[in-house]
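> okay, sequence plus prediction incoming.
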Amino acid sequence: MSAPGLQSLTKAEESLQGAESECGHGRYNNTANRCYYACFQAAIAALSQASIRPRGGVAWGYAFVQAAFVGQLINQRQRYPAALRQVLARNLILRHRADYAEDTVTQVQAARALQRTRDFLAAIRQEVS
């Protein structure tokens, strides 16, 4: 894997550890935030490993990462299971709730996001190792 891909996977692992710690301390909004970024960085690692990058040196944006991960790595190349198709989108919705909405993320929602995130990272670790 390229250096940017390895760096992204390292960031993903760090974000997952942060999410687990935050959940263990009852900080469910922070858990949601870290879960999203763990998946986002892991998806970048997977895309980098597959030599898929944004055109023209543009930064890794959410829309590109989501579309390329699902479109290229799940739908076309079938490198990842279809069960991962909605993980980034679901975690983004929960992160927006955690970061911007008046209501808060519940323990159940945080625990579900954490499990989705663990599954997402496990699939990417298996493929890129």
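Arrived safely.

> and the pLDDT for the spatially most central residue of the chain?
Nearest to the geometric centre of the chain sits C39, at 0.9 Å (Cα atoms, centre = their mean). Listed pLDDT for C39 reads 98.

> so how far is N91 from it?
Using Cβ to Cβ, to the nearest Å, one gets 5 Å for the distance from C39 to N91. Just so you know, the C-beta spots here come from the backbone N, C-alpha and C atoms, and that holds for glycine as well.

> in this structure, which spans are strands?
Counting by DSSP state E, the chain forms no strands at all.

> pass me the low-pLDDT residue ranges in it, would you?
By pLDDT under 70, the weakly predicted segments of the chain are 1-4, 129.

> which residues of it fall in helices?
Secondary structure of the chain (DSSP state H): helices at 3-24, 28-49, 62-68, 87-100, 107-128.

> what comes up buried for stretch 65-84?
Residues of stretch 65-84 classed as buried by neighbour count (16 or more other Cβ atoms under 10 Å): 65-66, 68-70, 73-74, 79-80, 84.

> er, stretch 42-59 actually
Applying 16+ other Cβ under 10 Å to stretch 42-59 flags 42-50, 52-53 as buried.

> give the buried residues for stretch 102-112.
Counting neighbours by 16+ other Cβ under 10 Å, stretch 102-112 gives 105, 109-110, 112 as buried.
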